[in-house]
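1. How does the following fold in three dimensions:
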Amino acid sequence: MPRILSFVVIGAAVGAGYSYATTVGFPLRGLLRGAVSGVIIGAAVSWLGLFVLQAPGSPLARTPFMVTVAVRSVLYLLVFLLAIAVGQLLVPNRPPARVVSISGDDILFCFGATFVITFLFEVNGLLSQNVLLSFMTGRYHRPRVEQRIFLIMDMKNSTAAAERLGEVKFHMLLNRLMTDLSGPIVLRGGQIHKYVGDELIATWPLVRGLKDAACVRACFAARDRLVAHGADYERAFGMTPQVRAGLHCGPVVVGEMGSIKKEIALLGDTLNTAARLVDACRDRGESIIASADLLDRLKLPPGIAARSLGPVHLRGKELAIGLCALAEQPPATRLAAS
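-> Residues are numbered from 1 along each chain as shown. Modelled structure (predicted):
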């Protein structure tokens, strides 16, 4: 909702400015008409982006870059032209006349705006959520310390799968796996920081990830998505991938890194510890392990139980850290607890 609201406000401002500048004789009415059209454009474009074009499982998620750009451009152009027509009908120049007139300047403006919006959406997708905005605003030009939650997920038995499938088909498997895992995480406020081989690294600002235990919900929702699409994976690859996951929180340094190739880097012991939790899953035969530091700060969602593993010495760490295995409770256990 905050993203849709921001698009609506920006759309209203841009639409009002354009209409005011191009309307002759009725500047105030043109200002209002442009704002109405801008609100429609902002709401429609953001809704399409969030719930249709970028939604988990969207057909566009697996199409080539140019196909995605072309589809986006056509849809956004239609939205712009329709919004201009609706704005003219709702706020005509001379009431009560209701005449729609789209000029060459309007079409040229729509083409330009469509290109800019599509380009920004696609670049933002290449860089990951909010990274483009962070670069543009210089938010991390100087490194800063932030409290973050990390969720790291990797595929079980990936080496054996790669040997059986071959390099090309294994890449296709990983691409589908990362797409399916990412959707539930993004829907619960997580940011996909990086894909590293068969590993996904997601992060939340601490407060956002703790709210309603969003980070834990995202982890289980991502795993449940794989189960729900198990038949599709079996048909395509002869297997249903399984994942292990580690959840941890703490301070990290966030800042721009590189010159020829730039990125927003996250560095610190917190991220290293989260990676060690994934190793602990492998060593202890668990699917999901969270640090006690994180679990002490949130209330687990209904149906999710934590089982203490005690203080554990992780590889490369001098001090032991409290860990818990997370799992869904069987239905009978949930009824007894309630």
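2. Could you check how many residues crowd around Arg223?
-> Residues contacting Arg223 under the criterion other CB atoms under 10 Å number 21. All C-beta spots, glycine's among them, are computed from the backbone N, C-alpha and C.
3. Identify the residues contacting it.
-> By CB atoms under 8 Å, 6 or more residues apart in numbering, the residues touching Arg223 are 243, 245, 287-288.
4. Strands - which of those residues land there?
-> If you go by DSSP state E, the contacts of Arg223 have 243, 245, 288 in strands.
5. For the residues you listed, pick the one with the most neighbours.
-> Neighbour-wise, those (other CB under 10 Å) top out at Ala245, 27 neighbours.
6. So for it, what's the pLDDT?
-> We have a pLDDT of 97 for Ala245.
7. what number of residues lie near Val252?
-> Using other CB under 10 Å: Val252 sits among 22 other residues.
8. I'd assumed Asn272 was in contact with it.
-> No: using CB atoms under 8 Å, Val252 is not in contact with Asn272; the gap is 9.8 Å.
9. Relative to Ile107, how far out is Phe170?
-> Phe170 sits at a distance of 47 Å from Ile107 (criterion: CB to CB, to the nearest Å).
10. ok, the two, which is more surrounded?
-> Set Phe170 next to Ile107 and count neighbours by other CB under 10 Å: Phe170 wins out with 18 against 14.
11. okay but the more buried one is in contact with Ala161, surely?
-> Yes: with contact defined as CB under 8 Å, Phe170 counts as touching Ala161 (6.2 Å).
12. Against which helices or strands is the host helix or strand of Ile40 packed?
-> Following DSSP states H and E, one finds Ile40 within helix 27-48. For helix 27-48, the packing partners by 3 or more CB pairs under 8 Å, 6 or more residues apart in numbering; DSSP states H and E come out as helix 2-22, helix 65-90.
13. again, 10 Å this time
-> helix 2-22, helix 65-90, helix 104-127 (3 or more CB pairs under 10 Å, 6 or more residues apart in numbering; DSSP states H and E).
14. Export only the CA atoms of that helix, formatted as CSV.
-> Taking C-alpha atoms only, helix 27-48 is exported to CSV below (Å, rounded to 0.1, in the frame of the first residue of the first chain):
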residue,chain,number,x,y,z
PRO,A,27,-5.5,26.6,-16.2
LEU,A,28,-7.2,25.7,-12.9
ARG,A,29,-9.6,23.2,-14.5
GLY,A,30,-6.6,21.8,-16.4
LEU,A,31,-4.7,21.4,-13.1
LEU,A,32,-7.6,19.4,-11.6
ARG,A,33,-8.1,17.3,-14.8
GLY,A,34,-4.4,16.5,-14.9
ALA,A,35,-4.4,15.5,-11.2
VAL,A,36,-7.4,13.2,-11.7
SER,A,37,-5.6,11.5,-14.7
GLY,A,38,-2.4,11.3,-12.7
VAL,A,39,-4.1,9.6,-9.8
ILE,A,40,-5.6,7.0,-12.2
ILE,A,41,-2.2,6.4,-13.9
GLY,A,42,-0.4,6.1,-10.6
ALA,A,43,-2.8,3.7,-9.1
ALA,A,44,-3.1,1.6,-12.3
VAL,A,45,0.6,1.4,-13.0
SER,A,46,1.6,0.5,-9.4
TRP,A,47,-1.2,-2.1,-9.2
LEU,A,48,-0.2,-3.7,-12.5
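15. Spatially central, which residue of the protein would that be?
-> Val186 (3.3 Å; CA atoms, centre = their mean).
16. Report the mean confidence score over stretch 194-208.
-> 94.
17. CA atoms only for it, dumped as CSV, please.
-> Extracted as CSV, the C-alpha positions of stretch 194-208 are listed here (Å, rounded to 0.1, in the frame of the first residue of the first chain):
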residue,chain,number,x,y,z
LYS,A,194,21.6,-11.5,-3.8
TYR,A,195,21.6,-14.9,-5.5
VAL,A,196,24.8,-16.8,-5.0
GLY,A,197,24.8,-20.1,-6.8
ASP,A,198,22.1,-22.2,-5.3
GLU,A,199,21.7,-19.7,-2.4
LEU,A,200,19.3,-16.8,-1.9
ILE,A,201,20.0,-14.0,0.5
ALA,A,202,17.0,-11.8,1.6
THR,A,203,16.9,-9.0,4.1
TRP,A,204,14.5,-6.8,6.0
PRO,A,205,15.0,-3.6,8.1
LEU,A,206,14.7,-4.9,11.6
VAL,A,207,11.4,-3.3,12.5
ARG,A,208,9.7,-4.3,9.2
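18. can you pull the buried residues of that stretch?
-> 195, 198-204, 206, 208 (16 or more other CB atoms under 10 Å).
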